[in-house]
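S.K.: structure here, sequence nowhere to be found:
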């Protein structure tokens, strides 16, 4: 039996449509594997954690649902493209979070080492350069 304790930096959690959780080991091809193993992520959500210290190099959009991002450490500004206008949402304190609305292009800026928890409806996610 596997341990009930895992670390999101090494093992993501997939919330399945039937409300069960499957653990998925993080690999360099994690996103391709998620699409292949979870029906292109239809009806699933990914719980993941990332640490970064530079602005994101791309925008992303999630057409099938809202994304929740929780600040764990550091400081980050999410830039949301709302009807062609950019709205900055700054997360400053541990526990601050933003709900990125469904179908909203977004990116992030930071000037410090930042760690955040993401709950992402992955089906149909798209990316484009900043």
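M.R.: Ah, there it is. All figures in this text were calculated on a predicted structure; none of them were measured in a lab.
S.K.: thought residue 34 was touching residue 45?
M.R.: No. At 10.9 Å, residue 34 does not count as touching residue 45 under the criterion of C-beta atoms under 8 Å. Backbone N, C-alpha and C define where each C-beta goes, glycine included.
S.K.: show me where the chain has strands.
M.R.: Secondary structure of the chain by DSSP state E: the strands cover 11-15, 21-25, 45-52, 58-61, 67-73, 76-82, 85-91, 97-100, 105-109, 114-120, 126-129.
S.K.: closest to residue 39 out of those?
M.R.: Residue 39 lies closest to strand 11-15 among these, at 11.3 Å (C-beta to C-beta).
S.K.: walk me through which strands the closest one pairs with, and which way each runs.
M.R.: Using DSSP bridges, the strands paired with strand 11-15 are strand 21-25 (antiparallel), strand 45-52 (antiparallel).
S.K.: would you indicate which residues of that strand are buried?
M.R.: By neighbour count on 16 or more other C-beta atoms under 10 Å, the buried set for strand 11-15 is 12-15.
S.K.: state the pLDDT value of the spatially most central residue of the chain.
M.R.: Nearest to the mean C-alpha position of the chain, by C-alpha atoms, centre = their mean, lies residue 118 at 3.8 Å. On pLDDT, residue 118 comes in at 98.
S.K.: so what's the residue nearest to it when sequence neighbours are not counted up against?
M.R.: Closest residue to residue 118 apart from its sequence neighbours, by C-beta to C-beta, 6 or more residues apart in numbering: residue 48 at 4.9 Å. Residues in contact with residue 48, defined by C-beta atoms under 8 Å, 6 or more residues apart in numbering, are 8, 12-13, 117-118, 120.
S.K.: then residue 127?
M.R.: Going by C-beta under 8 Å, 6+ apart, residue 127 touches 58-60.
S.K.: nearest to residue 3 among those residues?
M.R.: residue 60 (31.6 Å).
S.K.: how much space between the nearest residue to that closest one once chain neighbours are set aside and residue 107?
M.R.: Once flanking residues are discounted, residue 60 sits nearest to residue 127: 5.0 Å by C-beta to C-beta, 6+ apart. As for residue 127, its distance to residue 107 is 10 Å (criterion: C-beta to C-beta, to the nearest Å).
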